[in-house]
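> my questions are about this predicted structure, shown below with the sequence.
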Amino acid sequence: MKKIRDIIIVISIVICLVVIYIAKQQTKKEYKYQKGFELYVDDNFDIYDDLKSGYPIMVDLGSDSCAPCREMKPTLVLLNKELQGKAKIKIIDVVKNKDKTQGFNYRTLPTQVFFDAEGNFYKGHEGILSKHEILKIFEEMGYDFDK
């Protein structure tokens, strides 16, 4: 009887490990961004190229070491997925990509900077913004993404 119980325990543990492994693999799947709509900036990022793209843009200046920045990141990931082909959402990590922050005047993190589709500065904001607040700013600029 004890041997059967031990076998059941081992099988249960193996099944749990397999389920955990499969769940982790599901969450690791990367979202495929449209070219030019990547969320995180890299060495190829040039704000001036994006400003000529014909899309409204929100640039988030933050850092992985900043708690409010980390708190806001899921909102930016979601918005970037929803607005693919309609607007550009960019995250610049000011520690990893300090050279990409030139021209941005920021005092605190996170800071968001909004540009219209013609590349004109519209508004800056310091602190956390919700999805609703970000969409409201785009709406104030004249963009309604629900249509």
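Yes, it's here. Since the structure is predicted, the reported quantities are computational estimates derived from the model, not experimental observations.

> distance from the lowest-mean-pLDDT helix or strand in the chain to the middle of the chain?
None of the helices or strands of the chain scores lower by mean pLDDT, DSSP states H and E than helix 2-28, at a mean of 80. For helix 2-28, the separation from the chain centroid amounts to 33 Å (computed by Cα atoms, centre = their mean, to the nearest Å).

> contacts only, for Y55.
By Cβ atoms under 8 Å, 6 or more residues apart in numbering, the contact list for Y55 reads 86-88, 117. Heads up, the C-betas are built off the backbone N, CA and C, glycines and all.

> any chance of these in a markdown table, plus secondary structure, neighbour count and distance to I20?
Below are the contacts of Y55 laid out as a markdown table (DSSP: H, G, I helix; E, B strand; the rest coil; neighbours: other Cβ atoms under 10 Å; distance: Cβ to Cβ, whole Å):
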| residue | secondary structure | neighbour count | distance to I20 |
| --- | --- | --- | --- |
| K86 | coil | 14 | 37 |
| A87 | coil | 22 | 37 |
| K88 | strand | 22 | 36 |
| A117 | coil | 16 | 45 |
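
> which one of those residues is nearest T75?
A87 (14.0 Å; Cβ to Cβ).

> quick check on that closest one: phi, psi?
With angles defined as degrees, to the nearest 10, A87 sits at phi -150, psi 160.

> and the gap between the closest residue in space to it that isn't next to it in sequence and L78?
Spatial nearest neighbour of A87, excluding adjacent residues (Cβ to Cβ, 6 or more residues apart in numbering): P56 at 4.7 Å. Distance, P56 to L78, by Cβ to Cβ, to the nearest Å: 17 Å.
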